[in-house]
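Undergrad: give me coordinates for this.
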Amino acid sequence: MTGRAGPGGLWRPEALTLHVMEVMTPYGPARVEIDEAAGPRLLLVLTHGSGGGVDAPDLLAVRDAALRAGATVARVTQPFRLAGRRAPGPAARQDEAWIDVVGGLRARYPGLPLVQGGRSNGARVACRTAGGVGAAAVVALAFPLHPPGRPERSRVAELRGAGVDVLVVNGDRDPFGVPDAADAARLVVLPGEGHEFKKDPARVGEVVAEWLVGRTG
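TA: The predicted structure follows:
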């Protein structure tokens, strides 16, 4: 398969079509950017953290690697970010909006197995809503186990409560902590990486693609 360089110099396969769609939720519109693989084997839906966007280097790397592995990839800008806010607001509202967005995507791509995920706060949303949207698995990048310096405020229950296999990819220098291997189907800890995966985002994409291929055969 041939390809070309995309944002940040990341290689992108040419066997794809980019669509941009807007999905209205009870809390405002969400924007969805879709890259379609030729003959996709699954639908991968990704989202950002609290203060970031869907063009974060690790999310772009995951998109590119997943496309090469045969996944159609949808990157979702949630309503709070589209409105210019950094704080996501109440979890229940964020989850409700997410379920609406994913429902629209499943209607667009019926029959494709769904894997959903995101980075940081987006990983939390993906874990909390996995059962509600019928996801087959979750990809959790830089899962924020606890606020920095507050290990007593653990969010591990969200990982354990996903109800499906969860791939967790964290850096060993992440100030938000690193989950235990027992709390995920697979835990990959990248040496020298912090919360943003600035050192080698392409490696994050490789890890996710390898796991997806292993699940789909």
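Undergrad: going forward, measure contacts and count neighbours with C-alpha atoms only.
TA: Noted.
Undergrad: and the longest helix for the protein?
TA: In the chain, taking DSSP state H as the definition, the longest helix is helix 91-108.
Undergrad: thought His48 was touching Gly118?
TA: Yes: contact criterion C-alpha atoms under 8 Å: His48 and Gly118 qualify, at 5.7 Å.
Undergrad: neighbour count for those two, which is higher?
TA: More neighbours surround Gly118 than the other of His48 and Gly118, with 28 against 25 (other C-alpha atoms under 10 Å).
Undergrad: which strand residues bridge that one?
TA: Gly118 forms beta bridges with Thr47, Ala140, as assigned by DSSP bridges.
Undergrad: separation between it and Pro90?
TA: 18 Å (C-alpha to C-alpha, to the nearest Å).
Undergrad: on the three-state scheme, the nearest residue to Ser154 once chain neighbours are set aside is what?
TA: Of all residues not flanking Ser154 in the chain, His146 sits nearest, at 4.8 Å (C-alpha to C-alpha, 6 or more residues apart in numbering). Three-state call for His146 (DSSP: H, G, I helix; E, B strand; the rest coil): coil.
Undergrad: so what's His146 scoring on pLDDT?
TA: Here, the pLDDT recorded for His146 equals 96.
Undergrad: what's the local residue count around it?
TA: The burial count for His146: 18, using other C-alpha under 10 Å.
Undergrad: tell me who's in contact with it.
TA: By C-alpha atoms under 8 Å, 6 or more residues apart in numbering, the contact set of His146 is 152-155, 176-177.
Undergrad: mind running it again at 10 Å?
TA: Contact partners of His146, counting by C-alpha atoms under 10 Å, 6 or more residues apart in numbering, are 152-156, 175-179.
Undergrad: ok, Asp55 to Gly131 distance?
TA: Separation of Asp55 from Gly131 (C-alpha to C-alpha): 27 Å.
Undergrad: many thanks, I have nothing further to ask.
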